[in-house]
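> This is a predicted model, with the sequence first.
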Amino acid sequence: MEKSQERENIYLTPEIIKTIEKIGSIYSKYQNRAFDTAHQLNASIDEYLKAHDLWENQSAIFNVIYSLPSIYPQYQLYDALIAIRKKGEEIKVDLQENNLSPELLDEIKTMGRIYTENSEQAAKIENKLRMFINKYMTKHGLWKNQEAIREVIECLPSGYLRFNFYETYYDLEKAKKAEIKEEN
């Protein structure tokens, strides 16, 4: 039994649920590929920087950052730079000083491309799903209906879109509580 069918759905038709779940499944496939690639690449970068004692080398860290695609999550690398700065060291970078092996740079380039392709594809599919749901919710006047929002949430995969629907759900709940408070 699908998770969206654990409760009786009143506002979403079975066809709408099936479509949301189908598009959501495709989104999840690309998003998971992007996460898996990022995890692999982060492990390779970490292993390389540890093996060559470069986690405190600002130039090496900046070279890694500059080699990664701009949409790639780089928190761990920036955290390392912040830790260096907190030790009182000045940020001094010589990008000409390249401590990275050609093999690591090739891996960063290849996996960065895979990450970017999957992230961009996931974003396109998520946008398609968002537009599909927006159209349905608007057509049926369901944006102020907390139960309809809950039904959508139950169909959605984990991700930013689901988070947005939770925000909408809780905003409606706050408004409802405020309205009850005003009445009393």
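Noted; the coordinates are in hand.
> Which residue ranges of the chain form strands?
Counting by DSSP state E, one finds no strands in the chain.
> Which stretches in it count as helices?
Per DSSP state H, the chain carries helices over the ranges 14-51, 58-67, 75-86, 102-139, 146-155, 160-183.
> Now do the fifth one and helix 160-183, the angle between them.
Going back to what we said before, that points to helix 146-155. With axes from the mean of the first three to the mean of the last three Cα atoms, to 10 degrees defining the directions, helix 146-155 sits at 160 degrees from helix 160-183.
> same thing with the second one?
Counting by the same axes, to 10 degrees, helix 58-67 lies at 90 degrees to helix 160-183.
> Mind giving me the packing neighbours of helix 58-67?
Applying 3 or more Cβ pairs under 8 Å, 6 or more residues apart in numbering; DSSP states H and E, one finds that helix 58-67 makes contact with helix 14-51, helix 75-86, helix 102-139. Bear in mind the C-beta positions are built from the backbone N, C-alpha and C, glycine included.
> what about residue 18, distance to residue 47?
Using Cβ to Cβ, to the nearest Å, we find residue 18 at a distance of 43 Å from residue 47.
> Repeat that for residue 168.
From residue 168 to residue 47 the distance is 42 Å (Cβ to Cβ).
> neighbour-wise, which of the two wins?
residue 168 (17 against 11; other Cβ atoms under 10 Å).
> OK, contacts around that one?
143, 149 (Cβ atoms under 8 Å, 6 or more residues apart in numbering).
> make it 6 Å
residue 149 (Cβ atoms under 6 Å, 6 or more residues apart in numbering).
> how near is it to residue 23?
To residue 23, residue 168 is 19 Å away according to Cβ to Cβ.
> before we move on, the earlier item: export the helices and strands packed on helix 58-67 to a markdown table and tack on distance to residue 67?
Formatted as a markdown table, the helices and strands packed on helix 58-67 follow (distance: least, Cβ to Cβ, whole Å):
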| stretch | distance to residue 67 |
| --- | --- |
| helix 14-51 | 9 |
| helix 75-86 | 10 |
| helix 102-139 | 5 |
